[in-house]
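**Q** below: sequence and its predicted model.
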Amino acid sequence: MNWLGWLPKFGKRSMTLSELDALMDRAYIGQSSSASGRDVGVEAALQNATVWACVRVIAETIASLPCIVYRRSEDGGKRRATYHRLYSVLHDQTNPEMTAFDFWEVLATHVLTWGNHYSQIEVDDYGVKALWPLEPSRVTPIRQGGQLAYQYRTISGETKIFSFEEIFHVHGLSWNGVTGLSVVNYAREAIGLGLATEEYGARFFGNGARPGGVLEHPGKLSTAGHDRLKVDWNDAHQGPANAHRVAILEEGMKWHETSLPPEDSQFIETRRFQVEEIARWYRVPLHMIGEQTKNTSWGSGIEQQSIGFVVYTIRPWLVRIEQAIQRDLFEITTGKRDHFAQFLVDGLLRGDVKSRYDAYAVGRQNGWLSTNDIRRLENMNPVEGGEAYMVNSAMTLLADVGKKPEPPATEELPVVEPVAGNGKTVMPVPTKEAMK
């Protein structure tokens, strides 16, 4: 498609490429004025402290988890495939310019705001060499001959088509299973209200000339007198630095104090509610974004709430990413299913010392954890002989409970009669045949 062939007109001139980019970005994200009067798009949404905090805590948590490539073993287990080309790409250095942490953070930020992440897959004779993130606002999934492809609009206005095999795509909640829905777009009203209340507060304190009362003049002020009084009052009392200054009244003017309007008394409560509302969109517990006034139903303690965050918020994102890795980076590029990637979340789910040690004791006594298994979980070096698995010897089968134990089996010796000889009675030694 020739993007320059349908440039909208501004009066008698065509749109510039930068103006076109802005228009396309707004069209993609569905940016428009919310009921609060604020335009809400990705850039504007991230200016809201709650949106920024939610996106940051999820993105940084995902980026901090090691992504490990495994090979399936014949016994049904798995082994780390450190030799695999993708191990370094997903775990250490995703491309020459980005560490793995940088890449996963960018990926999560794209999905949490735009709803989609796209990366160009760079391959060579040895497999996947690198992943290069693309601006999600410039990518549009299309169909070519029934096959999914991706249309990419460059900064210069050119269009490039990537095949399905050339793109690593992760999306969020979706209508069609192909493109994800943008949280920013659907939460536009909640975010817009949050931005509006924040702006209202800034203007309220920035224009501190709004009196807690009114000035009454006994006569009628001329236009010049009114303007002079207005300028003098603003100069003396406008802004936080001039708050609570003494006012000098002239010509018999009187000050009448007024109460704070009800809409202003609800300002703080409105801002607090918007924090909860936006956190609900991202499914983030309030204590993780600095809001401590209310507890959640995820647990009574911070530890339980944090584990709930991993289980209900982080884990679904990890499953999406892992399955996209399997589809786009293993099966499409190699056609094999003998390798797969997983994020390690054990560190996030670890409880306190007592809880961990109690769990280790259960695993050790029941035979599924060895000494070295436990030491590895605690980031300790293995010890000699620590690979042995043991069980509690007192355990028995459920079907044998209540039965009397059988007496131990004993081997009976054959009965041998004594014989007489030379005036003595002796016991003959049993022959092998007699012992049979």
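**A** Right, received. Where do you want to start?

**Q** and Val184, how close does it get to Tyr152?
**A** 21 Å (Cβ to Cβ, to the nearest Å). All C-beta spots, glycine's among them, are computed from the backbone N, C-alpha and C.

**Q** between the two, who's got more neighbours?
**A** Legend: neighbour count by other Cβ atoms under 10 Å for Val184 and Tyr152, higher for Val184 (26 against 17).

**Q** what pLDDT does that one get?
**A** Reported pLDDT at Val184 in the predicted model: 84.

**Q** packing partners of the helix or strand it falls within?
**A** Here Val184 sits within helix 183-186, counting by DSSP states H and E. Using 3 or more Cβ pairs under 8 Å, 6 or more residues apart in numbering; DSSP states H and E as the contact test, the elements touching helix 183-186 are helix 100-113, helix 267-282.

**Q** what residues of it count as buried?
**A** Buried residues in helix 183-186, counted by 16 or more other Cβ atoms under 10 Å: Val183, Val184, Asn185.

**Q** and the protein, what are its domains?
**A** Domain ranges of the chain: 17-206+265-349, 213-257, 353-392, per automatic domain parsing.

**Q** right, so these: which one is the most enclosed?
**A** Mean neighbour count (mean count of other Cβ atoms under 10 Å) peaks for domain 17-206+265-349 among those, with a mean of 17.

**Q** could you grab the helix/strand/coil label for Gly177?
**A** Three-state call for Gly177 (DSSP: H, G, I helix; E, B strand; the rest coil): coil.

**Q** no wait, Phe162
**A** Once three-state DSSP is applied, Phe162 turns out strand.

**Q** how about Asp92, nearest residue that isn't a chain neighbour?
**A** Using Cβ to Cβ, 6 or more residues apart in numbering and skipping residues adjacent in sequence, the residue nearest Asp92 is Ala100, 5.6 Å away.

**Q** which residue ranges of the stretch 301-436 of the chain form strands?
**A** Ranges of strands in the stretch 301-436 of the chain, per DSSP state E, counting those that start in this stretch, are 339-343, 419-421, 424-426.

**Q** between the longest one and helix 100-113, how many degrees?
**A** Think strand 339-343. 80 degrees (axes from the mean of the first three to the mean of the last three Cα atoms, to 10 degrees).

**Q** which residues touch the closest residue to Trp104 other than its chain neighbours?
**A** Spatial nearest neighbour of Trp104, excluding adjacent residues (Cβ to Cβ, 6+ apart): Ala63 at 4.0 Å. By Cβ atoms under 8 Å, 6 or more residues apart in numbering, Ala63 lies in contact with Ala100, Phe101, Asp102, Phe103, Trp104, Glu105, Ala108.

**Q** in three-state terms, label Ala63 for me.
**A** On the three-state scheme (three-state DSSP), Ala63 is labelled helix.

**Q** contacts only, for the residue nearest to Glu166 when sequence neighbours are not counted.
**A** Nearest residue to Glu166, sequence neighbours excluded (Cβ to Cβ, 6+ apart): Ile121, at 5.6 Å. Going by Cβ under 8 Å, 6+ apart, Ile121 touches Val128, Leu131, Glu165, Glu166, Ile167, Phe168, Asp328, Leu329, Thr333.

**Q** now name the helix or strand holding Ile121.
**A** Assigned by DSSP H and E, Ile121 belongs to strand 116-124.

**Q** pairing partners for that strand, with directions?
**A** Strand pairing for strand 116-124, using DSSP bridges, gives strand 127-134 (antiparallel), strand 167-171 (antiparallel).

**Q** who touches the longest one?
**A** This points to strand 127-134. 84-86, 89, 94-96, 98, 103, 106-107, 110, 117-123, 152, 167-168, 329, 333-334.

**Q** for the shortest one, same thing?
**A** Under the criterion Cβ under 8 Å, 6+ apart, residues 107, 111, 115-121, 131, 134, 141, 150, 178-180, 320-321, 324-325, 328-329 lie in contact with strand 167-171.

**Q** enumerate every residue touching Val310.
**A** Per Cβ under 8 Å, 6+ apart, neighbours of Val310: Thr61, Val345, Leu348, Leu349.

**Q** quick check: pLDDT value at it.
**A** On pLDDT, Val310 comes in at 89.

**Q** Thr431 now?
**A** Note on Thr431: pLDDT of 59.

**Q** ok, Ala361 next?
**A** pLDDT, read off for Ala361, is 87.

**Q** next up, the contacts around it.
**A** Going by Cβ under 8 Å, 6+ apart, Ala361 touches no other residue.

**Q** returning to that earlier point: separation between the residue nearest to Asp92 and Val89?
**A** 8 Å.

**Q** what about the strands in the stretch 1-150 of the chain?
**A** 9-10, 13-14, 32-33, 39-40, 67-72, 78-80, 93-95, 98-99, 116-124, 127-134, 139-144, 147-153.

**Q** give the rounded mean pLDDT of the second one.
**A** Put plainly, it is strand 13-14. The model assigns strand 13-14 a mean pLDDT of 47.

**Q** go on, the fourth one?
**A** The predicted model gives strand 39-40 an average pLDDT of 66.

**Q** could you do the last one as well?
**A** Per-region confidence: strand 147-153 scores 94 on mean pLDDT.

**Q** show me what it is packed up against.
**A** strand 139-144, strand 159-163.

**Q** distance to Pro382 and mean pLDDT for those strands - can I get that in TSV?
**A** Formatted as TSV, those follow (distance: least, Cβ to Cβ, whole Å; pLDDT from 0 to 100):
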stretch	distance to Pro382	mean pLDDT
strand 139-144	47	92
strand 159-163	46	94
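
**Q** any chance of TSV for the ones you listed, columns distance to Asp338?
**A** Shown next, in TSV, are these (distance: least, Cβ to Cβ, whole Å):
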stretch	distance to Asp338
strand 139-144	29
strand 159-163	24
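
**Q** closest to Gln305 out of those?
**A** Smallest distance to Gln305 across those (Cβ to Cβ): 36.1 Å, for strand 139-144.

**Q** for Tyr87, which residues are in contact?
**A** Ile68, Val69, Arg80, Ala81.

**Q** done for today, thanks.
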